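Colleague: Structure, please.
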Amino acid sequence: MAVRVFSVEFRSAIAQRILNGESVLALSTEFKIKRSILYRWRDAYRLAGKDGFKKTRGRPRGSSGLVMKTKPGTTAADRRIAELERRIGRLAMENDFLARAFKRVKEARSKNSAPGEARCTEK
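Modeller: Predicted coordinates:
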């Protein structure tokens, strides 16, 4: 399926129709555009008018994939500490998930070892 590119005028006209009370579902069906996109257009138009549609696509040139929200005057060491703390948080969540998963597997295996039932051959 080809990517459709809509002009600023078209997107602003659709956003105006939504703000005037037309149904997003009806517009979505009429133009075969996902509702989520129409809501995004409405919100962009509501915030900045036609200028809300003039963003360039993709990541800004020279930026990394990681967006760091830092306060002015933050040192490189502070940014590194914040990055490591986020990484520790993610690893802690993964560990919790795996601990719960292993517990469920262990419980399922113990249920299979009841007398008279088929047993799991792995231990």
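Colleague: rest of the way, CA atoms for contacts and neighbours
Modeller: Will do.
Colleague: if I look at the residue positioned nearest the centre of the chain, how far off is F6?
Modeller: With distances taken as CA atoms, centre = their mean, S36 lies nearest the centre of the chain, 12.8 Å away. S36 is 15 Å from F6, where distance means CA to CA, to the nearest Å.
Colleague: With I88 instead?
Modeller: 42 Å.
Colleague: repeat for A101
Modeller: 46 Å.
Colleague: Compare those two (neighbour count), which wins?
Modeller: Using other CA atoms under 10 Å as the criterion, A101 and F6 rank with A101 on top: 12 against 9.
Colleague: how about the helix or strand containing the more buried one: buried residues?
Modeller: Take DSSP states H and E as the rule and A101 turns out to sit in helix 76-112. For helix 76-112, the neighbour count (16 or more other CA atoms under 10 Å) marks R109 as buried.
Colleague: Low-confidence ranges, the protein, go.
Modeller: 1, 55-72, 113-123 (pLDDT under 70).
Colleague: one more time with 80
Modeller: 1-3, 54-74, 111-123 (pLDDT under 80).
Colleague: neighbouring contacts of stretch 41-51?
Modeller: V8, E9, R11, S12, I14, A15, Q16, I18, L19, G52, F53 (CA atoms under 8 Å, 6 or more residues apart in numbering).
Colleague: dump the residue contacts of the first one.
Modeller: Contacts for V8 were tallied using CA under 8 Å, 6+ apart; they are K50, F53, K54.
Colleague: Same question for the third one.
Modeller: R11 makes contact with W41, F53 under the criterion CA under 8 Å, 6+ apart.
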